[in-house]
Each structure stands twice: as C-alpha cells, then as structure tokens.
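Return atomic coordinates for the entry below.
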Amino acid sequence: MSKSQFIALVGFALLCVASHETYAQSEQDPLACRNSRESSPSVGVYTFFLDSEKIFCVAPSDDADDTDVPCLRIGRVHVGQSRASVEELLGAPFQQFPERIPGLSTNAYWVLRDSIAGTGTYYVVEYEKLEDKEIAFSVQLTGDRPDLLHHFSCLHLEDEEELLRTQLGAASDVSPFQFAGDNVSGVVWSYAPLPLSIELVDGKVYSFRVWRPDFVAPKVRQLSVLVNR
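Next comes the predicted model:
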C-alpha cells in the first residue's frame, strides 16, 4: 500500500468513527455499526473491516495502541476486561470448566436461554491472572442470534458466510470441527495472523472467538467510548 493510500484509509476510518458518534447517539448504542452498501464492509468503533485486501482495526484514539487488541471485542465483552466488569454485565457463570491451559480459568455465561424452544446463546471467557486481578484472555460467543448489541465487528451469530467475506475477506484457513456431545459440526474460519476464529454451521455463523496474542503483554483494558458516557 502506498503512503497516499494509507493516509486516505486512515482519513476514511476516522471519518467513519466521527460520524458514528452522532449515529450511535441517535440509536442509544455507542457500539452500533454504520451500515454501508451490501458490497462494502460496515464500520463502527472497535471493529475490523476489510480495505484493499487488508484487515484494519478501527478504534478511538484513546484506545489505539498500535495493536489490534482494541478490536478483540464481542458485544461489550473484550480481551483485557476485568472479571469483575465482565460479571457486572453477564452475572455469575452457569458453568466453570477444568483448566484447558495452566493459569487460565474458563467460565460460561448465559446471554439467553429458551429451554422450550431449545435455543440459547452463551459466552465462554478464559481469564488470566494479572497481579491481583483476573482479566479476559479470550472471549467466545456461541449459539443463536441474540439482540443486535452482541456483534463482533458488525457481524452477528447466524449471519451468512457472504457477510463474513464482505467484512473480513477470505479466511486464511478453513478446518472442520465437530462437537459430538451437542451433535454440532461445521467449519472454522481462521484469519491468521489476527487472533480470531469464526465457526460456521450450515453456512451460517455459529460462534466467534478472539484472544490476546502472545506478543502483546496482558493489561487491564476499558472501552473509552463506554467509560466516557
């Protein structure tokens, strides 16, 4: 990418974030996305979007730190968020899992559950220790589509795969997965080197997952757009 193209892209992103503020206020949701043409990606704060075959993270200047971590957010839950803040939003976990990796504790939280219809949506958050705090190392949202607040980079559970290509481009790797206990199978789209993966079942989004990359040191993070409201 040339210098002039890069400057134009940065200008476009900043314009979208600035215009988003007015749009979001009218919608009463500071994390709402600004939808664009069907053939172009949508833009909001703390979102990835595709431009010139590259994926960029759009974040307010208060959060920008030369990494993609500010965009590792699903709904209002994000990498680096304190466990106290997560559970203030989601409540107590309905399940705790054995350690998958030493030093990480894994907990699941309901977003919605309809036992009659057999539908549900839940977060799985892995926490790592940072001094006397637990902070989110990874965040995953799985299941049926909840309300529009729970998006990842303007994408939602149950979106068609074509919307993923518009927003993020082609996956770097596509691998099969199967959960025998839940009788669920599909494919996982990865976007290396970005720390994110998306599971699809029957061509629709079933799960989003993001995590802190190894080269970024853990730290407590807050979303300035929410803190400053």
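
okay, CA-based contacts and neighbour counts for the rest of this
Fine.

what sits up against stretch 88-99?
87, 105, 106, 107, 108, 109, 110, 111 (CA atoms under 8 Å, 6 or more residues apart in numbering).

and the first one, what element?
In this structure, residue 87 is located in helix 83-90 according to DSSP states H and E.

what's downstream of the helix or strand of the chain with the lowest mean pLDDT, the next helix or strand?
Every helix and strand of the chain was ranked by mean pLDDT, DSSP states H and E. The lowest is helix 3-27, at a mean of 38. Toward the C-terminus, helix 3-27 is succeeded by strand 47-51 as the next helix or strand (DSSP H and E).

can you pull the buried residues of that next one?
47, 48, 49, 50 (16 or more other CA atoms under 10 Å).

Where is pLDDT lowest across these?
Scanning the buried residues of strand 47-51 for pLDDT, the smallest score is found at residue 49, 89.

Identify the bridge partners of that residue.
Counting by DSSP bridges, residue 49 is bridged to residue 56.

got the contact list for it?
41, 42, 43, 55, 56, 57, 58, 153, 167, 168.

Tell me, how many residues neighbour the last one?
Using other CA atoms under 10 Å, the number of residues around residue 168 comes to 21.

what's the closest residue in space to it that isn't next to it in sequence in contact with, if anything?
In space, and not counting its chain neighbours, residue 168 is closest to residue 50: 5.2 Å by CA to CA, 6 or more residues apart in numbering. Neighbour list for residue 50: 41, 56, 166, 167, 168, 169 [criterion: CA under 8 Å, 6+ apart].

quick one: secondary structure of the fourth one?
Spelled out, it's residue 167. helix (DSSP: H, G, I helix; E, B strand; the rest coil).

got it, and residue 162?
helix.

Run a quick neighbour tally on it.
14.

Tell me the pLDDT of it.
Looking at residue 162, the pLDDT reads 94.

From residue 33, how far out is it?
18 Å (CA to CA, to the nearest Å).

Over to residue 134?
Residue 134 is 30 Å from residue 33, by CA to CA.

Neighbour count: those two, which is higher?
Higher neighbour count among residue 134 and residue 33: residue 33, with 24 against 19, using other CA under 10 Å.

wouldn't that one be in contact with residue 48 here?
No. Residue 33 lies out of contact with residue 48 (CA atoms under 8 Å); the separation is 11.2 Å.

related to what we said a few turns ago, what lines up beside the helix or strand that comes right after the helix holding residue 87 in the sheet?
Remark: after helix 83-90, the chain's next helix or strand is strand 95-97, criterion DSSP H and E. Applying DSSP bridges, strand 95-97 is found paired with strand 104-114 (antiparallel).

I'd like to know which elements the very next helix or strand once past the strand it pairs with is packed against.
The helix or strand immediately downstream of strand 104-114 is strand 119-130, counting by DSSP H and E. Strand 119-130 sits against strand 104-114, strand 133-143, with contacts defined as 3 or more CA pairs under 8 Å, 6 or more residues apart in numbering; DSSP states H and E.

Between those strands, which one is closest to residue 218.
strand 133-143 (8.0 Å; CA to CA).

Which other helices and strands does that closest one contact?
Strand 133-143 packs on strand 73-74, strand 77-78, helix 83-90, strand 119-130, strand 204-211, going by 3+ CA pairs under 8 Å, 6+ apart.
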